[in-house]
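Visitor: Predicted model and sequence below, questions to follow.
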Amino acid sequence: MHPTDIYKRVTETLDAGQRAVVVTTLSGDAAALPEKLVLTEEALQEAGGDASQALALSALDAGELALQKSASGGVCFAEPYFPESRMIVLGGGHIARPLVEFAAKCGFNVTVTDDRPSFANRQRFPLAKRVLCESFDRCIPMLNINRSCFVVIITRGHRHDLDCLREILKLETAYTGMIGSRRRVAGARQQLLSEGYTQETLDLVRAPIGLDIGAETPEEIAVSILSEAVRYKRVVSKSHWPELDTEVLAELAAPRSEPRALVTIIETKGSVPRDVGAKMVVWSDGRTLGSIGGGCSEGGVITAAYDVIRNGGHRLVDVDMTGDVAEDEGMVCGGTMKVVIEKYAS
């Protein structure tokens with residue numbers, strides 16, 4: 001499959017709320033272009049399991065790039081792609097305003113919905129990716145809620161909160177939380193139990209929502225909610241949630257005639273500015289997209305990328321941020337990175 005088609009398939013898979021893995025195989029011959037394969041989570045679960053599929057499953061389970069080296073100098077690495085973490089805020093009231101702002105700045109793709117036009121508008125939520133003015137009983141099927149979604153139920157009334165929760169409990173999410181006092185939440189749980197919902201299902205709901213930090217103001221409550229959502233993303237989740245650079249992914253999925261190089265961190269040791277899997281696209285005219293950490297380390301890699309664009313194939317480059325060089329440059333990191341630079345042919 002053509003590299004552009006590979007990343008286009010990744011984009012389509014993520015848009016559907018599913019996960020995918022890209023497996024890249026580099027031979028010991030630096031003049032050879034890498035071979036790429038995309039495997040969806042569904043395909044991996046059904047597959048028999050050769051070496052590349054086993055590596056892909058390892059990456060998917062851990063949520064981190066998995067690397068395998070051969071005795072001949074070749075390298076194979078599997079990169080997991082998870083859908084962008086989305087926060088669905090049901091209710092556009094006084095807590096929603098700071099929550100949407102803070103969540104967007106923390107990397108969430110935020111959708112906020114309310115049934116009142118004065119509360120569901122772009123002026124009120126400029127950082128939201130989507131603002132939906134719709135009744136709560138009709139909006140949930142329109143939101144494409146899946147297990148990459150962090151659902152926050154903070155409508156203007158207990159009845160609306162409970163109606164929303166009934167619908168959300170039918171879906172799989174990364175996190176669901178509902179606002180309310182302990183007395184009100186306890187009453188809601190008893191009501192849902194009497195309707196046939198199981199205790200196990202209700203235990204998945206964070207209610208009262210947010211970490212207990214003694215929050216009182218709307219901003220403080222927003223911080224407590226966001227903190228709990230981040231904790232679920234980074235700590236409670238069974239696997240690491242890899243960061244998704246949507247701009248780089250969109251560039252890789254777009255057909256271009258101009259030559260480019262794709263840079264990927266495949267191995268790190270010690271303190272480094274970016275994790276494995278971080279990517280950067282380099283053009284021959286000096287433009288770049290994405291980052292592997294900046295500073296002199298990135299500058300040397302960019303220079304090597306120009307050679308790959310001219311000569312083709314791929315290169316493995318070791319970046320050393322320890323010792324005198326790092327000290328002279330005033331770098332705060334003190335580790336090493338291995339990056340692969342490949343000519344990206346459209």
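Guide: Done, it's in. Numbering: from 1, shown residues only.

Visitor: How about residue 259, nearest residue that isn't a chain neighbour?
Guide: Spatial nearest neighbour of residue 259, chain neighbours left out: residue 309 (4.9 Å); criterion: Cβ to Cβ, 6 or more residues apart in numbering. Backbone N, C-alpha and C define where each C-beta goes, glycine included.

Visitor: next one: residue 185
Guide: Excluding its sequence neighbours, the residue lying closest to residue 185 (Cβ to Cβ, 6+ apart) is residue 207, at 4.5 Å.

Visitor: cool, residue 14 as well?
Guide: With Cβ to Cβ, 6+ apart, the residue lying closest to residue 14 is residue 83, at 4.6 Å.

Visitor: Buried residues of stretch 191-207, list them for me.
Guide: Within stretch 191-207, the residues scored as buried using 16 or more other Cβ atoms under 10 Å are 192, 197, 202, 205, 206, 207.

Visitor: Now the two most distant members of those.
Guide: Checking those against each other with Cβ to Cβ, the farthest-apart pair comes out as 197 and 206, at 15.6 Å.

Visitor: Are we agreed that the residue nearest to residue 259 is in a helix?
Guide: Yes. Judged by DSSP: H, G, I helix; E, B strand; the rest coil, residue 309 forms part of a helix.

Visitor: Which other helices and strands does the strand or helix carrying residue 251 contact?
Guide: For residue 251, the element it lies in under DSSP states H and E is helix 246-253. Counting contacts by 3 or more Cβ pairs under 8 Å, 6 or more residues apart in numbering; DSSP states H and E, helix 246-253 is packed against helix 3-15, strand 279-283, strand 288-290.

Visitor: which strands and helices sit next to the shortest one?
Guide: Which is strand 288-290. If contacts are counted by 3+ Cβ pairs under 8 Å, 6+ apart, strand 288-290 sits against helix 246-253, strand 279-283.

Visitor: Please give me every residue in contact with residue 122.
Guide: Contact analysis of residue 122 by Cβ atoms under 8 Å, 6 or more residues apart in numbering lists 128, 131.

Visitor: That one: which element?
Guide: For residue 122, there is no enclosing helix or strand under DSSP H and E.

Visitor: got it, and residue 225?
Guide: Secondary structure (DSSP H and E) places residue 225 in helix 218-231.

Visitor: quick check, distance from that helix to the centre of its chain.
Guide: Centre-to-centre, helix 218-231 and its host chain are 19 Å apart (Cα atoms, centre = their mean, to the nearest Å).

Visitor: how is the protein carved up into domains?
Guide: Listed domain ranges for the chain are 3-82+242-344, 86-236 (source: automatic domain parsing).

Visitor: Just send the ones you listed back as JSON lines, with mean pLDDT too.
Guide: Formatted as JSON lines, those follow (pLDDT from 0 to 100):
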{"stretch": "domain 3-82+242-344", "mean pLDDT": "88"}
{"stretch": "domain 86-236", "mean pLDDT": "95"}
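
Visitor: What is the end-to-end distance of stretch 174-184?
Guide: One end of stretch 174-184 sits 24 Å from the other (Cα to Cα, to the nearest Å).

Visitor: same check, this time on stretch 188-206
Guide: 13 Å.

Visitor: now swap in stretch 63-83 and tell me
Guide: The first and final residues of stretch 63-83 sit 12 Å from each other (Cα to Cα).

Visitor: starting at the chain centroid, how far to that stretch?
Guide: For stretch 63-83, the distance to the chain centre is 18 Å (Cα atoms, centre = their mean).

Visitor: For it, which residues meet the burial criterion?
Guide: Per 16+ other Cβ under 10 Å, stretch 63-83 contains these buried residues: 63-68, 75-83.

Visitor: The stretch 51-200 of the chain: helices as residue ranges?
Guide: 51-62, 96-105, 136-139, 158-168, 182-194, 199-202 (DSSP state H, counting those that start in this stretch).

Visitor: of all these, which lies closest to residue 300?
Guide: Residue 300 sits nearest to helix 51-62 of all the helices of the stretch 51-200 of the chain, at 27.4 Å, using Cβ to Cβ.

Visitor: Go ahead and name everything in contact with the closest one.
Guide: Taking contacts as Cβ under 8 Å, 6+ apart, the residues outside helix 51-62 that touch it are 19, 21, 23, 25, 37, 39, 41, 44, 47, 49, 65-66, 68, 76-80, 239-240.
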